[in-house]
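[1] Next input, structure requested:
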Amino acid sequence: MDNPFQVYGPYEVNRERVSDRNWQNGEWDYIDDLVGADLSSAKGAYVFSLRHGEKYTPLYVGITNKGFRHEVFGVHNREKVHYNWRKEKGQIVFHLLAKPKSVRRGFSKNIRRDWLQALEALLIFMCRRSNKKLLNKKHMKWLDAVGILGVTHTEVHRGKPPREIQTFKRVLRW
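    From the prediction side, this is the model:
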């Protein structure tokens, strides 16, 4: 059986220094030392969130096929920190999802692209339940098309849901 993805983080983003290569390299070195392996070069998914105390609001979901160091602080994500989230109160953090190797230390580098895309769609689906303004546009049309009214669809229902919806949610442990 293949190892599941594991969650690492949260790691704080320094909004003032996010574009500084020295800060980025120091952050990746710190994360690699903390984990005890080269997590920064692993492939997987990442989620940026806004933390207020113990509450986390997801902001953006991404995947990388080249490694976290290459992607997480890339130009497009630095622009989100500087422009999209500039006025947001709270601490911007990120979580990393990677597959540890089953035998040796380190992380699997052979993750199929379609698995990463499926993981990204799943994370977007889960994250948009708590933030309908999630920045991701990818997969949204598909997620809306396969949505289940009263269960997975983002439309808000008022009042008590019908019995069918209540029982189906119990089936899903939702």
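
[2] count of residues packed around residue 134?
    Counted with other C-beta atoms under 10 Å, the neighbours of residue 134 add up to 21. For the C-beta atoms, the positions are set from N, CA and C on the backbone; glycine is no exception.

[3] same question, residue 164
    Residue 164 has 10 nearby residues by other C-beta under 10 Å.

[4] what about stretch 70-83, start to end distance?
    For stretch 70-83, the first-to-last residue distance is 20 Å (C-alpha to C-alpha, to the nearest Å).

[5] what kind of secondary structure is the most centrally placed residue in the chain in?
    Closest residue to the average C-alpha location of the chain: residue 47 at 2.3 Å, with C-alpha atoms, centre = their mean. Secondary structure, DSSP: H, G, I helix; E, B strand; the rest coil: residue 47 is strand.

[6] isn't it right up against residue 128?
    No: in this structure residue 47 lies outside contact range of residue 128 using C-beta atoms under 8 Å: 11.7 Å.

[7] shared neighbours, these two?
    Residues touching both residue 47 and residue 128 (C-beta atoms under 8 Å, 6 or more residues apart in numbering) are residue 58.

[8] Distance check, residue 133 against residue 7.
    Distance, residue 133 to residue 7, using C-beta to C-beta, to the nearest Å: 23 Å.

[9] which one of those two has more residues nearby?
    Taking other C-beta under 10 Å, residue 133 and residue 7 do not tie; residue 7 has more neighbours (13 against 8).

[10] And the protein, split by domain according to the record?
    6-138, 148-174 (automatic domain parsing).
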